[in-house]
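# what follows is a predicted structure for the sequence shown.
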Amino acid sequence: MPKKLSTEEISLAQALVSKANRIVVTSHKNPDGDAAGSAFSMSLFLASIGKNVTTILPDGLPEFLQWLPGYERLVQFDTQTEEAKAAIDEADLIFVLDYNALHRTGTDMQVVLENATAQFILIDHHQMPGDFAVVTYSDTSACSTAELVYHFIEQCYGSEKIDQNMAQNIYCGIMTDSGSFRFPSVTPDTHRVVASLIEKGLDHALVHRQVYDTNMLDRLKLIGYALSQKLEIIDDSLTAYISLSSDELRRHNHRQGDTESLVNQALSIKGVKLAAFFRETNHEVKLSFRSKGSFDVNKFARDNWNGGGHMNAAGAATTLSLPEAIQKFKRLVQQYRLEIINS
Ligand code: 5GP
Ligand code: MN
């Protein structure tokens, strides 16, 4: 089992929840399966014990996550700003799930969270959690925040409180953040949690189908284009990268989440140890980094791009133009060449 909460932390968390009249549950910008699964499972749990809960995400979910139980109660900060602001202002308690610093919600939501009078409970598996929460349940060895949400509920209230709808969400978080149970972060405990979720009525085959087998033809064509035309290899540094401009994305009717798996495809090439993906948006370039072995992309993203994440999966955003970002990346790859090769 991942890190245990101390007796004091359990009492503190129980007291915070019990005395809170209004609770807000949040996760990070560009929410993925773990962000959504963690936020919805925690919201459903809090509602089940009679709490007034608002789930707030900075922006929208890709379609393949919109079926998750609890989605219907989502308040989106970018499009329902006034409602979201009011809920945060009126909250007594705010859950911070799957992110370690308030700026990960984007500048607008960050400001509102910073001015909130509520107390915070943080549950996360990213490195270097901020110290703004009254209870911080952080374990960087956990494969997903959803797994920590399971253990938080288990330790504070008992796992029998987790129902089928919460189970679907927790499983979605574990499955997507563990690369469908393939990353080294998966432990016997991860599988024990999943076994218990199946006993609670989890339909794991449905979660897989909804997340992985609901591609639009445009998405497959975009991935085909990216792999056949835009995949570049830097042979002497065992590095592969893909970039897509906003024009290329537009031409393929790009929708949020369409490029989710591309960087992993680049990493899957035999011998490649570092992969990157560049996606141009209206106002920035989003970067994704992945590595096999010991090259620490979290540190690479932190030190060079003001980003972060985990040792083998990290991300960042830059205001450089797409060609400038690619040039900078190529320069850095030469600089880190030996470290990558020897990783
Ligand atoms: P992805 O490449 O899937 O967008 O993100 C991979 C990992 O990097 C995730 O754990 C995510 O939390 C982290 N990450 C992605 N974008 C950013 C960013 O802009 N800043 C920071 N600090 N972390 C990021
Ligand atoms: Mn996560």
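Received it, and whenever you're ready, just let me know what you need. Ligands and ions are numbered 1, 2, ... in the order given.
# count residues in the vicinity of N115, would you?
By other Cβ atoms under 10 Å, 10 other residues sit near N115. For the C-beta atoms, the positions are set from N, CA and C on the backbone; glycine is no exception.
# any idea where the helices of the stretch 101-250 of the chain begin and end?
107-114, 145-157, 164-177, 188-199, 204-212, 217-229, 246-251 (DSSP state H, counting those that start in this stretch).
# right, and those helices - which one's nearest K4?
Comparing the helices of the stretch 101-250 of the chain against K4 with Cβ to Cβ, the closest turns out to be helix 145-157 (6.8 Å).
# and the angle from the closest one to helix 188-199?
70 degrees (axes from the mean of the first three to the mean of the last three Cα atoms, to 10 degrees).
# about what we covered before: CSV for the helices of the stretch 101-250 of the chain, including distance to K19 and mean neighbour count?
Below are these laid out as CSV (distance: least, Cβ to Cβ, whole Å; neighbours: other Cβ atoms under 10 Å):
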stretch, distance to K19, mean neighbour count
helix 107-114, 20, 16
helix 145-157, 14, 25
helix 164-177, 23, 26
helix 188-199, 29, 16
helix 204-212, 35, 15
helix 217-229, 46, 14
helix 246-251, 47, 13
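# mind putting the ones you listed in a markdown table, mean pLDDT and distance to N52 included?
Converted to a markdown table, the helices of the stretch 101-250 of the chain look like this (pLDDT from 0 to 100; distance: least, Cβ to Cβ, whole Å):
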| stretch | mean pLDDT | distance to N52 |
| --- | --- | --- |
| helix 107-114 | 98 | 19 |
| helix 145-157 | 98 | 17 |
| helix 164-177 | 98 | 18 |
| helix 188-199 | 98 | 26 |
| helix 204-212 | 98 | 28 |
| helix 217-229 | 97 | 38 |
| helix 246-251 | 97 | 40 |
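# which non-adjacent residue is nearest the residue of the stretch 151-300 of the chain found nearest ligand 2?
Residue nearest to ligand 2 within the stretch 151-300 of the chain: D177 (4.5 Å; Cβ to the ion). In this structure, D177 finds its nearest non-sequential neighbour in S144, 3.7 Å apart by Cβ to Cβ, 6 or more residues apart in numbering.
# surely the one you found and G179 touch.
No: S144 is beyond contact range of G179, at 10.5 Å (criterion: Cβ atoms under 8 Å).
# element containing the residue in the chain that ligand 2 sits nearest to, please.
Ligand 2 sits closest to D34 of the chain, with a gap of 3.4 Å, by Cβ to the ion. Here D34 sits within helix 33-48, counting by DSSP states H and E.
# quick one: contacts of the helix or strand following that helix?
For helix 33-48, the following helix or strand on the C-terminal side (DSSP H and E) is strand 52-57. With contacts defined as Cβ atoms under 8 Å, 6 or more residues apart in numbering, strand 52-57 is touched by 21-27, 31, 35-36, 39-40, 43, 46-47, 70, 73-77, 84, 87-88, 91, 109.
# let's see it at 6 Å
22-27, 31, 39, 43, 46-47, 73-75, 77, 84, 87 (Cβ atoms under 6 Å, 6 or more residues apart in numbering).
# can you tell me which of those are buried?
Neighbour-count burial (16 or more other Cβ atoms under 10 Å) applied to the contacts of strand 52-57 gives 22-27, 31, 39, 43, 46-47, 74-75, 77, 84, 87.
# now the helix or strand harbouring V25 against strand 52-57, angle please.
Assigned by DSSP H and E, V25 belongs to strand 22-26. Computed with the same axes, to 10 degrees, the direction of strand 22-26 lies at 20 degrees from that of strand 52-57.
# in PDB, list the C-alpha atoms belonging to strand 22-26.
The C-alpha coordinates for strand 22-26 follow below in PDB (Å, rounded to 0.1, in the frame of the first residue of the first chain):
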ATOM      1  CA  ARG A  22     -19.700  23.600   0.900                       C
ATOM      2  CA  ILE A  23     -17.000  21.600  -0.700                       C
ATOM      3  CA  VAL A  24     -15.300  22.200  -4.100                       C
ATOM      4  CA  VAL A  25     -13.300  19.400  -5.800                       C
ATOM      5  CA  THR A  26     -10.800  20.500  -8.400                       C
END
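# strands paired with it, and their directions?
Strand 22-26 pairs in its sheet with strand 52-57 (parallel), strand 93-97 (parallel), by DSSP bridges.
# wait, which of these is closest to ligand 1?
strand 93-97 (11.7 Å; Cβ to the nearest ligand atom).
# name the residues that touch that closest one?
The contact list for strand 93-97, computed with Cβ under 6 Å, 6+ apart, reads 16, 20, 23-27, 38-39, 42, 118-123, 145.
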